[in-house]
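S.K.: 3D, please:
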Amino acid sequence: MNRIASTFSSLGAQNKKALIPFITAGDPEPAMTVRLMHELVQAGADIIELGVPFSDPMADGPTIQRSSERALQHGVGLKDVLAMVAEFRKADQTTPVVLMGYANPIEAMGYQGFAMAARESGVDGVLIVDYPPEECEEWVNQLEHQAIDPIFLLSPTTPKARVEKVAKLAKGYVYYVSLKGVTGASHLDLTDVRKKLAEVRAIISVPIGVGFGIRDGATAKAVAGLADAVVVGSRIIEEIENAPSDILLSNVNSLVNSLRAAIDQAAVPLS
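M.R.: Numbering: from 1, shown residues only. The predicted model follows:
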């Protein structure tokens, strides 16, 4: 059992849901990334999604776009991100790390070369936004050869045929985008999420994480009542962007800790 499966199994035994924070590697500057990763774990993160900086992040709103721009200004590329994961693994052999990004850097490195380097660095899963499930059999095979989970996005507009295709390929978990739009949007309709997740669960067997539009404890708690995992990105990036450097880590810790507490409230069974 790999780290992602083990994490969900352990949480399920405790009747808990996963908290999956997202940060962009290299933001606000490269030396801070591994420190932030450890801080996220200390504050209650179960899985870390680590964004690979990209010049044209089409699924991301302005907040995460700016985080990529800051990282790129420091020259952070895919090989640097893998080195950060390897550095993180020196002290943490338990917390799963999922890389999230876009196809171009992968294409430049090559499927096999990337998969081997990712495995060596300690990566557990990879989500590439612009690899559609209908066209990525070779990509998935290369990841599976290295025991890395291919993770896919689903959205409110994903047709049933594509959900079925994802069901055949996805491992680790599926990331359900809770609204139509980009990261950082706030018009989250929980009734719609509940309905769509019921449809997805009838087809998908791996855990389902929900992200986009989760900005506070109340929303995180509500989503935790519906999904297996809660993914929070833009709100954390805002904290990184706005906090003075001397209190950045403590501010991120406080935010993630508050999300953790809210999620755990949702997981407590009714007496």
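S.K.: any idea how far stretch 204-215 is from the chain center?
M.R.: Remark: stretch 204-215 is offset 9 Å from the chain centroid, using Cα atoms, centre = their mean, to the nearest Å.
S.K.: mind listing what's buried in it?
M.R.: By neighbour count with 16 or more other Cβ atoms under 10 Å, stretch 204-215 contains the buried residues Ile204, Val206, Pro207, Ile208, Gly209, Val210, Gly211, Phe212, Gly213, Ile214, Arg215. Where C-beta positions appear, they are placed from N, C-alpha and C, glycine not excepted.
S.K.: Now, these that are in strands?
M.R.: Ile208, Gly209, Val210, Gly211 (DSSP state E).
S.K.: where does the closest residue to Leu82 other than its chain neighbours land on pLDDT?
M.R.: Leaving aside its sequence neighbours, Leu82 sits nearest to Ser121 (Cβ to Cβ, 6 or more residues apart in numbering; 4.2 Å). With respect to pLDDT, Ser121 scores 98.
S.K.: Same check on Leu226?
M.R.: Per-residue confidence (pLDDT) for Leu226: 94.
S.K.: Assess the claim that it and Val193 are in contact.
M.R.: Yes: Leu226 is in contact with Val193 according to Cβ atoms under 8 Å; the separation is 6.0 Å.
S.K.: Next, show the common contact partners of the two.
M.R.: Counting by Cβ atoms under 8 Å, 6 or more residues apart in numbering, the shared contacts of Leu226 and Val193 are Val210.
S.K.: How about the contacts made by Ala117?
M.R.: Lys79, Leu82, Met109.
S.K.: would you say Ala147 is within a helix?
M.R.: No: counting by DSSP: H, G, I helix; E, B strand; the rest coil, Ala147 is not found in a helix; it is coil.
S.K.: So it sits against Arg119, correct?
M.R.: Yes: at 6.8 Å, Ala147 counts as touching Arg119 under the criterion of Cβ under 8 Å.
S.K.: Name the residues of the helix or strand harbouring Lys196 that are buried.
M.R.: Secondary structure from DSSP states H and E places Lys196 in helix 190-201. Buried residues in helix 190-201, counted by 16+ other Cβ under 10 Å: Val193, Lys196, Leu197, Val200.
S.K.: residues in contact with the last one?
M.R.: Just to be clear, that refers to Val200. Counting by Cβ under 8 Å, 6+ apart, Val200 makes contact with Leu154, Val163, Val174, Tyr176, Ile208.
S.K.: which among the ones in strands among the buried residues of stretch 204-215 gets closest to Leu255?
M.R.: Using Cβ to Cβ, Gly211 comes nearest to Leu255 of these, at 15.5 Å.
S.K.: helix, strand or coil for the residue nearest to that closest one when sequence neighbours are not counted?
M.R.: Excluding its sequence neighbours, the residue lying closest to Gly211 (Cβ to Cβ, 6+ apart) is Val231, at 3.0 Å. Secondary structure state of Val231, per three-state DSSP, is strand.
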